[in-house]
Every structure is written in structure tokens, then in C-alpha cells.
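Chemist: prediction below, plus the sequence it came from.
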Amino acid sequence: MEVDPIHPQHLIYCRVVRLTLIGEVIGVGRPSTAVRPEIAADELIPCRQAAENLADVMRALSNATRIQAVLYLASRDCCAVGVCELARHLQIPSANMSYHLKELWEAGVLAKTRHKNTVSYWIEPACVPLIEFLATRILQR
């Protein structure tokens, strides 16, 4: 299988820029230029790798528990929230919550930090426009 070449300017492997590009592809606002390099309008049609990255994000968000977790994190105004707190709030076992959060983290939707035995998650800042789009346009129908 041949992979489309990735121009270094796109920085597709960088989570922040990748999600910023995703936000522009679906039209959820203009991210700051400090976060990403300038991308010409004709380059917004994603190459194969960018399309696969977008599919990973959408796949991660295609679960009701994950959507609830992301919306709960969004309501916390960028505060890091522990797995146990999210599990209590969503009334599911901590092991299940940990699995769902790991899926979101691997897709680039969440960021995390570890302190001893506690892992805390928050929404990746570049993903906030995407979450706002989901919350306002899709979930409020």
C-alpha cells in the first residue's frame, strides 16, 4: 500500500496541528496561527494520512460513553479530571472509564498527566473547537 507523501509544513503527526487541521476541514472556526503553520485553501483537502487521522478521531468519538466523558471534561473549563471522578460521574467501573479515556488520548482528543497512581485527563486545547461544534450543532438537535 502506497502512502501519500506528507509535506513537513503540515506537521500532521503533531496532535495540536493535526486536530487544528481537522477543525478547519469541518469548518469549526479559525485556530490561532501561533498553533499551526499557514495552510493554503487548496491544501485543506487532506492527504491520505490526514484523512486517516480524522477517521481515528471520529472513531474515538463514536461511543456514547466517550462523548459523555468529553462533554464532562469540556464543562470543567480545562481542569484535569481523574479517572475515578469521571467513572463516578458516569456511573461505570474505573477500568472501563480508563479504557475509554485511553482511546480518546490515543486519537489525540485528550491530553493526560500522571502523578503517582493517579492519571488525570483534559481536552487537548486544539480539539476544543471540534468539541464545541459537536455540543452546539449536533447534540442540541
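Modeler: That came through, no problem. Numbers count the residues shown, from 1 in each chain.
Chemist: from now on I want contacts and neighbour counts done on CA atoms only, so please keep to that.
Modeler: Will do.
Chemist: I'd guessed Leu110 sits against His100; true?
Modeler: No: in this structure Leu110 lies outside contact range of His100 using CA atoms under 8 Å: 10.8 Å.
Chemist: compare these two (neighbour count), which wins?
Modeler: Neighbours per residue, other CA atoms under 10 Å: of Leu110 and His100, the larger number sits with Leu110, 23 against 19.
Chemist: hey, where'd the strands end up in this structure?
Modeler: Per DSSP state E, the chain carries strands over the ranges 81-82, 110-115, 118-123.
Chemist: what's the domain layout of this structure?
Modeler: If you go by automatic domain parsing, the domain ranges for the chain are 8-59, 63-138.
Chemist: what's the least confident stretch among these?
Modeler: Looking at those, the lowest mean pLDDT belongs to domain 8-59 (a mean of 55).
Chemist: would you reformat the strands of the chain as TSV and include distance to Leu90?
Modeler: Output for the strands of the chain, formatted as TSV (distance: least, CA to CA, whole Å):
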stretch	distance to Leu90
strand 81-82	13
strand 110-115	17
strand 118-123	15
